[in-house]
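Engineer: okay, predicted coordinates and the sequence, questions at the end:
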Amino acid sequence: MPYYFLAPDLVSLEAQIDSLRQRIREAGSRKSASVQGGDTFHDNGAFEEAEREQQMWSTRLHELVQIRNGARVATSEISKKDSVRIGSEVVLRDNTAGETLRLKIGSFMTFDDDPNVMSYNSPLARLIIGAKVNEVRTGHIADQKKEFCVLEIK
């Protein structure tokens, strides 16, 4: 299954992978240091903590590497503004709540701290991807029936 990423997010994913590799090395170093000087594995809290961290980070690294191996750069005509796509900036009216939302449809994983950037895999993004200006889409978001109208696509 491909995972689509905007180019900057793919760079951030690589940085996350590098960071996890470093954490795993550091945990390994702490494990080694905890058994030097004759300490045994039995009741060695420092060893056990480093082992736990190393396993946790290794599991996360494995997950991210699998995602990276399936990653594709989302280049499919992002510049087109005729419908909502990955990379689109969208202005929506939530007809249910009477609010206007400004969102950006981001990568499979988003590394932006902006709360208005959401993964294309989120329920709201899945609902509106493919919609055109003035199109109304209805669906369930957080167990509530919602209706959104696309006002603008940038």
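Structural biologist: All right, it came through fine.
Engineer: which residues does the residue most central in space within the chain contact?
Structural biologist: Among the residues of the chain, the one closest to the centroid is M109, at 1.9 Å (Cα atoms, centre = their mean). Residues near M109 by Cβ atoms under 8 Å, 6 or more residues apart in numbering: Y3, F5, D9, L13, I67, S119. From N, CA and C alone the C-beta is placed, and that goes for glycine too.
Engineer: my read: G28 touches W57, true?
Structural biologist: No. In this structure, G28 is not within contact of W57 by Cβ atoms under 8 Å, at 10.1 Å.
Engineer: related to what we said a few turns ago, return the distance of the residue nearest to the centre of the chain relative to G87.
Structural biologist: 14 Å (Cβ to Cβ, to the nearest Å).
Engineer: about what we covered before: can you check the pLDDT for the residue nearest to the centre of the chain?
Structural biologist: Note for M109: predicted pLDDT of 94.
Engineer: neighbour-wise, give me the winner out of the contacts of M109.
Structural biologist: F5 (25 neighbours; other Cβ atoms under 10 Å).
Engineer: S107 is in contact with that one, correct?
Structural biologist: Yes. Under the criterion of Cβ under 8 Å, F5 makes contact with S107 at 4.1 Å.
Engineer: hey, what's in contact with both of these two?
Structural biologist: Contacts common to F5 and S107, judged by Cβ under 8 Å, 6+ apart, are A74.
Engineer: can I see the domain layout of the chain?
Structural biologist: 3-73, 89-153 (automatic domain parsing).
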